[in-house]
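S.K.: coords please:
(one chain, ligands or ions: 1)
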Amino acid sequence: MGDSSYLLGTHTEELERLRFQHELWLPAARAAWQRAGLTAGMRVLDVGAGPAFAAMDLSRIVGSTGRVLGLELSEAYVAAGQAMARRAQLPQLELRQHNLLRDPWPTEGFDLAWCRWVAMFLPDLEPLLTGLEQSLRLGGQLVLHEYVHWDSFGLHPNGRAIARFGQACQRSFRAAGGDPDPNRRLPALLTARGWRIDALLPLPVAGGSHSMAGQWMQRFVEVYGARLQELGLWSSSDAGEACAEIASATADPGCFWVGPTLLEVRATRLAS
Ligand SMILES: C[S@@+](CC[C@H](N)C(=O)[O-])C[C@H]1O[C@@H](n2cnc3c(N)ncnc32)[C@H](O)[C@@H]1O
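M.R.: The predicted model follows:
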């Protein structure tokens, strides 16, 4: 399957956006891993690992006696992750090209599975859950960082074009078969399969234009705005309006961005 099947693309700009996004969200990820008891020697599965930014950090925590396997659709991201792992001398990290919806999942009895910003792109969540059941040992934990409330995305108080941009993003995710807010459904799907939900923790984000959070959202409007125009869901005049709102917010310390709200779901596999 080609890289183009990932809606946001795998060009360098998107890879760099993912790197910045990972830096912004790393403290939240680390806190989640700590709550899940991640420690040296553990075996971790990174589901939809992207270019392996989180997988690299996970590998440093599990150390040389542990193992991290990243499953990722994009060949370009797998190659980028493998090169980073070699440079950083992390032999405990393996990246594997894998389509979560079609390919057989590894059956190694992983202790922990980490899945961030991936379920939202899947047209069907059942293969993900079946795969996780095949890959995790009984008592193994799943940590999901997926969106629960995309509608919270906005630039305040005057971001009317940015509000339309948020709606256009959600339409594009749905048009590609995904769901902007998969963590509204995942806890119920997990409990129906006999998993135990250990924690539900909303992770909101907000900040002025010069904050890291603000920079992250501005960058997303630039990078994904171009894609939305290709998809016919955003026009050049929309883009111009959004650009003007961003410029005026940058000059006004009273303006601020609010991100789409993530939900941390931590669950334990109890039965096969
Ligand atoms: C927004 S990125 C997130 C990457 C990484 N999880 C992170 O937190 O930085 C979404 C990733 O999901 C991957 N993906 C989407 N659909 C997939 C599928 N069917 N199988 C495997 N990976 C998939 C994409 O290729 C992309 O790398």
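
S.K.: could you list every residue that touches the closest residue to L233 other than its chain neighbours?
M.R.: Spatial nearest neighbour of L233, chain neighbours left out: A168 (4.5 Å); criterion: C-beta to C-beta, 6 or more residues apart in numbering. In short, each C-beta sits where N, CA and C put it, glycine included. With contact taken as C-beta atoms under 8 Å, 6 or more residues apart in numbering, A168 is in contact with 228, 233-234, 238.

S.K.: so A168 is in which element?
M.R.: Per DSSP states H and E: A168 is located in helix 160-175.

S.K.: Now do the buried residues in whatever helix or strand comes next after that helix.
M.R.: As assigned by DSSP H and E, the chain's next helix or strand after helix 160-175 is helix 186-192. Buried residues in helix 186-192, counting neighbours by 16 or more other C-beta atoms under 10 Å, are found at 186-187, 190.

S.K.: any chance of the residues you listed in a markdown table, with distance to the ligand and pLDDT too?
M.R.: Formatted as a markdown table, the buried residues of helix 186-192 follow (distance: C-beta to the nearest ligand atom, whole Å; pLDDT from 0 to 100):
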| residue | distance to the ligand | pLDDT |
| --- | --- | --- |
| L186 | 15 | 98 |
| P187 | 19 | 98 |
| L190 | 19 | 98 |
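
S.K.: re earlier: so which of the contacts of A168 is surrounded by the most neighbours?
M.R.: Top of the contacts of A168 by neighbour number is W234, holding 24 neighbours under the definition other C-beta atoms under 10 Å.

S.K.: how about the residue nearest to that one when sequence neighbours are not counted, secondary structure?
M.R.: Of all residues not flanking W234 in the chain, L228 sits nearest, at 3.6 Å (C-beta to C-beta, 6+ apart). Classification of L228 using DSSP: H, G, I helix; E, B strand; the rest coil returns helix.

S.K.: Hmm, S235 and L228 touching each other?
M.R.: No: using C-beta atoms under 8 Å, L228 makes no contact with S235, being 9.2 Å away.

S.K.: For the ligand, see how far away F220 is.
M.R.: Here the criterion is C-beta to the nearest ligand atom, to the nearest Å. By it, F220 lies 11 Å from the ligand.

S.K.: can you check Q141 too?
M.R.: Q141 is 17 Å from the ligand, by C-beta to the nearest ligand atom.

S.K.: number of nearby residues for that residue?
M.R.: The burial count for Q141: 23, using other C-beta under 10 Å.

S.K.: Going by secondary structure, it is in what exactly?
M.R.: Assigned by DSSP H and E, Q141 belongs to strand 136-149.

S.K.: What's the mean pLDDT across that strand?
M.R.: Across strand 136-149, the average pLDDT comes to 98.

S.K.: Could you do stretch 25-33 as well?
M.R.: Here the average pLDDT along stretch 25-33 is 98.

S.K.: ok, and for it, which residues are buried?
M.R.: So, applying 16+ other C-beta under 10 Å, buried residues of stretch 25-33: 25, 28-29, 32-33.

S.K.: and the closest residue to the ligand within the stretch 1-150 of the chain, what does it touch?
M.R.: The minimum distance from the stretch 1-150 of the chain to the ligand, using C-beta to the nearest ligand atom, falls at G50 (2.7 Å). Counting by C-beta under 8 Å, 6+ apart, G50 makes contact with 18, 72, 74, 77, 81.

S.K.: For Y77, see how far away the residue positioned nearest the centre of the chain is.
M.R.: With distances taken as C-alpha atoms, centre = their mean, W117 lies nearest the centre of the chain, 2.1 Å away. From W117 across to Y77, the span is 13 Å (C-beta to C-beta, to the nearest Å).

S.K.: Touching, R35 and L200? I think so.
M.R.: No: applying C-beta under 8 Å as the test, R35 and L200 come out as separate, 12.0 Å apart.

S.K.: This structure: strands as residue ranges?
M.R.: 43-47, 67-72, 93-97, 110-116, 136-149, 154-156, 196-203, 206-207, 256-258, 261-268 (DSSP state E).

S.K.: What is the third one packed up against?
M.R.: Strand 93-97 makes packing contacts with helix 53-62, strand 67-72, helix 75-87 when contacts are defined by 3 or more C-beta pairs under 8 Å, 6 or more residues apart in numbering; DSSP states H and E.
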